[in-house]
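Asks: Okay, predicted coordinates and the sequence, questions at the end:
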Amino acid sequence: MKKIIILVLLAFLLTGCGAKEEPNDNTGNNNDIPVQEDQNEQQEPQDSQQKEPSGFAFEYNGVKIYMNTDAAPIIEALGECQDYFEAESCAFKGLDKTYLYPGFEITTYPMDDKDYISAIDLKDDTVSTPEGIYLGSTVEDMISAYGEDYIEELGSYTYIKDDSKLQFIVRDGEIAAITYFAIVEGLE
């Protein structure tokens, strides 16, 4: 039951409670920002202590993206997005923001005057997880890459690592959706 509540809260977080999304051209990004492999300078959203990012990470063009890390340097390093939306957050005070890039989208949540990575949704087979799993991979490929320590519910396979989840939705034996989720304290 606890898992269902978390998934429902994340669904509200990602959809913005049905609030009207406002597009923004997001042209203020700078593509010349050097990419840092080590994100030790990121602050944990729950307190001001620095910690090493952990959990599942998605990587795109040399930018490693962990859940619950400060979104600003990541968005800056990725460069201009294709599209941008924001909506009033259901779970936090402020705006949830969604950035669309080729093959994936990043969603953030607001906390302590910063935005943090809350989810990454792979949209097509032009991108994959660092372990090589992409939309269209088989369940056997997924298990070979991630092991058998998953939670399976109605065609959804969820792996949990530190403060993140990696969820695969399977239809007819193939991966139909891949989403990284942040596990946020206080929403459990």
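Replies: Everything's here; your move. Numbering: from 1, shown residues only.
Asks: any weak-confidence spans in the chain?
Replies: For the chain, the stretches flagged by pLDDT under 70 are 1-51, 186-188.
Asks: now the strands for it?
Replies: 57-60, 63-66, 83-88, 95-101, 104-111, 114-122, 151-153, 156-161, 164-171, 174-182 (DSSP state E).
Asks: Quick one: list the elements packing against the fifth one.
Replies: Read it as strand 104-111. helix 2-15, helix 71-78, strand 95-101, strand 114-122 (3 or more CB pairs under 8 Å, 6 or more residues apart in numbering; DSSP states H and E). For every residue, glycine as well, the C-beta is placed using N, CA and C.
Asks: got the CA positions of the third one in CSV?
Replies: Taking Å, rounded to 0.1, in the frame of the first residue of the first chain, the C-alpha atoms of strand 95-101 are listed here in CSV:
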residue,chain,number,x,y,z
LEU,A,95,6.8,25.1,-9.3
ASP,A,96,7.5,21.7,-10.7
LYS,A,97,9.5,22.1,-13.9
THR,A,98,9.8,19.8,-16.9
TYR,A,99,12.6,20.1,-19.5
LEU,A,100,12.4,18.1,-22.7
TYR,A,101,15.6,17.0,-24.4
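Asks: quick one: S54 and T69 touch, right?
Replies: No: assessed by CB atoms under 8 Å, S54 is found out of contact with T69, at 9.9 Å.
Asks: All set now, cheers.
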